[in-house]
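Undergrad: Please work out how this folds:
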Amino acid sequence: MFNASLNTSSASDAQHALAAYGWDEGWEAEFAPYAAQGLVPGRVVRVDRGQCDVATPDGVIRADTEFVVPRDPMKVVCTGDWVAVDPEGGDPRYARVILPRRTAFVRSTSSKRSEGQVLATNIDHIVICVSLAVELDLGRIERFLALAMSSSSGDALLRSSADSWESGAQPIVVLSKADLVPDPVGLSYLVEDVETVAPGVQVVPLSSTTGEGLDVLSAVVSGGTTVLLGVSGAGKSTLANALVGTDVMTVQAARDIDGKGRHTTTTRNLFVLPGGGVLIDTPGLRGVGLWDAETGVGQVFSEIEELAAECRFHDCAHESEPGCAVAAAIEDGSLPVRRLESYRKLLRENQRIVAKTDARMRSEILKDWKRKGAEGRAAMEAKRGRVR
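TA: Residues are numbered from 1 along each chain as shown. Reported below is the predicted structural model:
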């Protein structure tokens with residue numbers, strides 16, 4: 001017969017043992033039905049080759065992922081997930097079910113099927129690592145932020161396994177290798193440049209070599225779960241070592257010619273931070289495809305959206321329409337042309353991604369293209385004096 005008092009005791013033990021990994025009363029409540037089945041709670045710290053490492057009340061174990069790799073790539077087990085695993089004694093031990101995710105950072109894959117790829121789950125902070133060893137790529141920062149802000153706004157990137165949407169992750173931009181910019185004034189200009197494309201986001205210049213900025217970032221990410229993102233060579237592995245306080249990640253030098261590095265990190269790994277909270281390090285990203293990030297794009301380019309609200313026509317394309325507030329801002333220099341071009345590019349890309357997975361959206365886009373084509377032909381004929 002099931003003993004409720006023993007179950008309550010084991011649940012309390014699990015909460016104490018897994019507290020460093022982020023276990024709380026909310027997770028305990030979610031896990032209750034599985035505790036009644038004799039399963040054990042744990043957090044996935046690494047996934048590879050059909051198995052995963054799971055932190056449990058009895059330590060880190062190796063579990064088979066057969067039951068948590070469905071056909072839907074958005075629901076495949078990922079580093080950061082909380083799972084219910086078999087109790088000790090089974091061989092192999094299986095991860096049986098994934099608890100509903102509170103948050104997830106998702107990008108589109110490079111596949112022609114335009115599937116979403118979950119990079120990390122149940123996260124509270126998204127640290128975007130940008131190297132100062134090379135020239136700043138503001139467009140790439142805007143792209144990362146569009147995804148991150150979609151996560152933090154509670155849009156499609158935060159789908160739980162119950163298909164609900166919740167808010168959560170806070171983006172932070174870290175300018176790594178700040179010791180390579182010894183001039184304080186020059187460094188302040190670089191910070192300002194990033195702040196202009198990251199409205200409302202904290203920008204932290206940091207050097208893992210000198211320790212500059214490390215205390216600031218450590219204070220921000222203490223408590224909760226932080227995911228570290230960036231391209232190869234951005235200094236993520238070095239930063240992960242500095243935050244964890246030991247060499248948990250292998251570090252390789254970036255090429256001098258372009259600052260790019262080899263993929264030192266090949267899997268996503270979760271580490272407990274000494275000041276509280278956990279860190280998920282990820283492999284360097286060659287590409288960052290948007291995934292249902294319209295909300296994030298709007299937040300990153302909030303000044304353009306505010307100007308667009310003042311345009312004479314609600315469907316203004318910000319090109320040659322009369323009374324266009326966006327065009328006026330371009331004209332007087334208050335809005336950089338690069339910024340508008342980047343905004344349009346990300347919106348078009350996001351629209352294409354959504355259209356590939358939404359038949360109704362595809363139909364609407366096709367109708368819009370046909371309408372604009374007809375208007376363009378009519379304008380050309382009028383210009384040539386062929387109006388009847």
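Undergrad: Apart from its chain neighbours, what residue comes closest to residue 63?
TA: Using Cβ to Cβ, 6 or more residues apart in numbering and skipping the chain neighbours, the partner closest in space to residue 63 is residue 95 (4.5 Å). C-betas here are computed from N, CA, C, even on glycine.
Undergrad: cool, residue 216 as well?
TA: Nearest to residue 216 is residue 204, by Cβ to Cβ, 6+ apart, at 5.4 Å.
Undergrad: Tell me who's in contact with the one you found.
TA: 172, 173, 174, 175, 213, 216, 217, 220 (Cβ atoms under 8 Å, 6 or more residues apart in numbering).
Undergrad: Next step: the residues you listed restricted to helices.
TA: The helices, defined by DSSP state H, take in 216, 217, 220 from the contacts of residue 204.
Undergrad: if we can go back for a sec, mark which of the contacts of residue 204 are buried, thanks.
TA: Applying 16 or more other Cβ atoms under 10 Å to the contacts of residue 204, the neighbour count classes 172, 173, 174, 175, 213, 217, 220 as buried.
Undergrad: Can you tell me how far the fourth one is from residue 93?
TA: To residue 93, residue 175 is 43 Å away according to Cβ to Cβ, to the nearest Å.
Undergrad: Now the element after the longest strand anywhere in the chain, going C-ward?
TA: When the chain is scanned for its longest strand (criterion: DSSP state E), the result is strand 40-48. Using DSSP states H and E, the helix or strand that follows strand 40-48 in sequence is strand 51-56.
Undergrad: For that next one, buried residues please.
TA: 51, 52, 53, 54, 55, 56.
Undergrad: Are there helices or strands packed against it, and which ones?
TA: Judged by 3 or more Cβ pairs under 8 Å, 6 or more residues apart in numbering; DSSP states H and E, the packing partners of strand 51-56 are strand 40-48, strand 59-64, strand 82-85.
Undergrad: Can you list the strands that the last one pairs with?
TA: Meaning strand 82-85. strand 40-48 (antiparallel), strand 95-98 (antiparallel) (DSSP bridges).
Undergrad: taking the mean pLDDT, what do you get for that strand?
TA: Averaging pLDDT along strand 82-85 gives 97.
Undergrad: Stretch 47-56 too?
TA: On average, stretch 47-56 scores 93.
Undergrad: that older thread, so which bits of the longest strand of the chain are buried?
TA: Buried residues in strand 40-48 (16+ other Cβ under 10 Å): 40, 41, 42, 43, 44, 45, 46, 47.
Undergrad: Where do the strands of the stretch 251-388 of the chain begin and end?
TA: With DSSP state E, counting those that start in this stretch as the criterion, the stretch 251-388 of the chain has strands at 269-272, 278-281.
Undergrad: repeat for the stretch 51-200 of the chain
TA: 51-56, 59-64, 82-85, 95-98, 104-108, 116-121, 125-131, 170-176.
Undergrad: how about those in a markdown table, adding distance to residue 340?
TA: Below are the strands of the stretch 51-200 of the chain laid out as a markdown table (distance: least, Cβ to Cβ, whole Å):
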| stretch | distance to residue 340 |
| --- | --- |
| strand 51-56 | 44 |
| strand 59-64 | 49 |
| strand 82-85 | 42 |
| strand 95-98 | 41 |
| strand 104-108 | 23 |
| strand 116-121 | 28 |
| strand 125-131 | 22 |
| strand 170-176 | 21 |
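Undergrad: rank those by pLDDT, which is bottom?
TA: The stretch with the lowest mean pLDDT among these is strand 104-108, at a mean of 79.
Undergrad: And stretch 19-29, how far out from the chain middle?
TA: Counting by Cα atoms, centre = their mean, to the nearest Å, stretch 19-29 is centred 22 Å from the centre of its parent chain.
Undergrad: Report the buried residues of that stretch.
TA: 21, 22, 23, 27, 28.
Undergrad: what's the answer for stretch 340-350, then?
TA: Within stretch 340-350, the residues that qualify as buried are 340, 342, 343, 346, 347, 349, 350, counting by 16+ other Cβ under 10 Å.
Undergrad: now do stretch 84-99
TA: Buried-residue list, stretch 84-99, by 16+ other Cβ under 10 Å: 84, 85, 86, 93, 94, 95, 96, 97, 98, 99.
Undergrad: Out of the strands of the stretch 51-200 of the chain, flag the one nearest residue 145.
TA: strand 170-176 (6.0 Å; Cβ to Cβ).
Undergrad: what are the pairing partners of the closest one, and which direction each?
TA: Strand pairing (DSSP bridges) places strand 170-176 next to strand 125-131 (parallel), strand 202-205 (parallel).
Undergrad: Kindly check the end-to-end length of stretch 36-54 for me.
TA: 20 Å (Cα to Cα, to the nearest Å).
Undergrad: With stretch 44-55 instead?
TA: Note: stretch 44-55 ends 6 Å apart using Cα to Cα.
Undergrad: re the thing from before, residues touching the residue nearest to residue 63, list them.
TA: 42, 44, 52, 54, 63-65, 67-68, 77, 83-85.
Undergrad: nearest to residue 326, of the buried residues of strand 51-56?
TA: residue 52 (48.0 Å).
Undergrad: Please tell me how far the closest one sits from residue 44.
TA: 5 Å.
Undergrad: cool, and residue 301?
TA: From residue 301 to residue 44 the distance is 35 Å (Cβ to Cβ).
Undergrad: Residue 54 too?
TA: 6 Å.
Undergrad: what is in contact with the two at once?
TA: Common contacts of residue 54 and residue 44 (Cβ under 8 Å, 6+ apart): 83, 95.
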